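A.B. asks: Here you go, sequence then predicted model.
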Amino acid sequence: MRKVPNVPLSPCPPEYARFLCEGFDSVQEAFRLIPSVEFVELLDATQRAARELADNLEGTVELDLAGERFKAHATGARGGFRWRLSNDDFLLFIGSPKREWTISCRYLSAGLWEHGPATLRERAFAALRPYTMQKEPDAVRISRADWCFDFWSPPLTEQLRPGISEHVVAHSSVKKSEHMSVIETVAVGGKAQTLTIGSKSGLQVQLYDKSREIDEASGKTWFWPIWVAGLDGEWVWEDKPRDVWRLECRFSGDFLKERNVRRPHEFEHALPDLIAEALYMRRLTVPNADSNNRRWPMHPVWSEAYRIRGTKQMLPIGRKVTGLRNVLTEQAIAQLAGAARSASVLATGDYDESKVVSLMKAAQERIARDPAHARKVEAARNRYSDVDEAR
């Protein structure tokens, strides 16, 4: 494990910012499922029907998959996905049946806050099960996850200006990003609405006015009761919520792979370490007299989010071959030798080398006769699929 940088935290008194809530904002996973011929025909038929409804390809038709209702869209999606299905809780993107990981599922904010990713995953698999084939149990990979913290902070609204980006400290790799500017601010009326640090393709931290975004764009007013609960039931605004700022950490792509976070349970276990790295390596600071800005204290909102969820360590980087395969192979040989010795003693009352040879031959023959041999081989292959990855 790596230690977080030696950077001081700032206090976050309630008169500056009050923490409201935290949780997933978005999660996307890939499923190792093979669509059946019948499912492909059904998807083609519903897509054709959706295309016939509107010339602008915005039409949708209803589709029921094992009791789960979807809208089938007239178009697919970027990334080679030919078909697109959606409901209020998640989206399904489906590509060519020839691809191994051809189904992607994106869990939406409303579904995540109401049900959580595990329940949504179960529903997605239940909907797809009659229409797909799953060859092995290890069939889910996480490709992106966004975790957010909401704060009510009128002082932050007043302090954020376009020049706030000068107070940002980020890892040097961010400045080499080819995908977007390192630090991006969007300002309205002289006040900053959004501060973005990093790229969505790796690690990105964004601070934005969530109350304004709900009012002007998303309409997710179902967050209001959640915020009020975070304020112990107090309605602190004159009319509708204002000055609610969201600090969001977005993890995706190679960033997760480089830290060997590939499966949902691995992400859940590593989340505090990932949060710590995001907040330290993409941080807003409070300037002081120190000439080295990397020693400036972390901003109060960053500091409070870290205190709520972060740890004092970051995950190791690198997918290096560890030699674990050789170690496990030697262990397996030792187990075989011990089992053969015990079987010889059990059969003859002593160790008999000729008896060991015959016992090993009998074991080989039993493997060859086992009708479940292929399934057991595949199960063993799945069990050791990560054997050479960094630990």
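C.D. replies: Thanks, I have it.
A.B. asks: Tell me where the model's unsure across this structure.
C.D. replies: Along the chain, segments meeting pLDDT under 70 span 173, 175-185, 187-190, 319-324, 378-391.
A.B. asks: So which residue is dead centre in it?
C.D. replies: Closest residue to the average C-alpha location of the chain: residue 145 at 3.0 Å, with C-alpha atoms, centre = their mean.
A.B. asks: For the closest residue to it other than its chain neighbours, name its beta-bridge partners.
C.D. replies: Leaving aside its sequence neighbours, residue 145 sits nearest to residue 27 (C-beta to C-beta, 6 or more residues apart in numbering; 4.9 Å). From N, CA and C alone the C-beta is placed, and that goes for glycine too. Beta bridges link residue 27 to residue 107, residue 145, judged by DSSP bridges.
A.B. asks: Now do the same contact list for residue 27.
C.D. replies: Counting by C-beta atoms under 8 Å, 6 or more residues apart in numbering, residue 27 touches 106-107, 112, 117, 142, 144-146.
A.B. asks: So which of the residues you listed is the closest to residue 332?
C.D. replies: residue 142 (30.3 Å; C-beta to C-beta).
A.B. asks: ok so that closest one is a strand residue?
C.D. replies: Yes: the assignment for residue 142 by DSSP: H, G, I helix; E, B strand; the rest coil puts it in a strand.
A.B. asks: right, and residue 250 touches residue 205 too?
C.D. replies: Yes: with contact defined as C-beta atoms under 8 Å, residue 250 reaches residue 205; the gap is 7.4 Å.
A.B. asks: how about the helices in this protein?
C.D. replies: Taking DSSP state H to define them, one finds helices in the chain at 37-53, 109-114, 117-128, 154-159, 210-213, 223-230, 253-258, 264-281, 300-309, 324-348, 353-369, 373-383.
A.B. asks: Ok, which of those helices comes nearest residue 136?
C.D. replies: Proximity to residue 136 (C-beta to C-beta) singles out helix 373-383 among the helices of the chain, at 5.0 Å.
A.B. asks: Distance to residue 294 and mean neighbour count for the helices of the chain - can I get that in TSV?
C.D. replies: Shown next, in TSV, are the helices of the chain (distance: least, C-beta to C-beta, whole Å; neighbours: other C-beta atoms under 10 Å):
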stretch	distance to residue 294	mean neighbour count
helix 37-53	52	15
helix 109-114	34	17
helix 117-128	35	18
helix 154-159	21	15
helix 210-213	29	20
helix 223-230	32	16
helix 253-258	21	16
helix 264-281	10	20
helix 300-309	14	21
helix 324-348	36	12
helix 353-369	60	12
helix 373-383	44	12
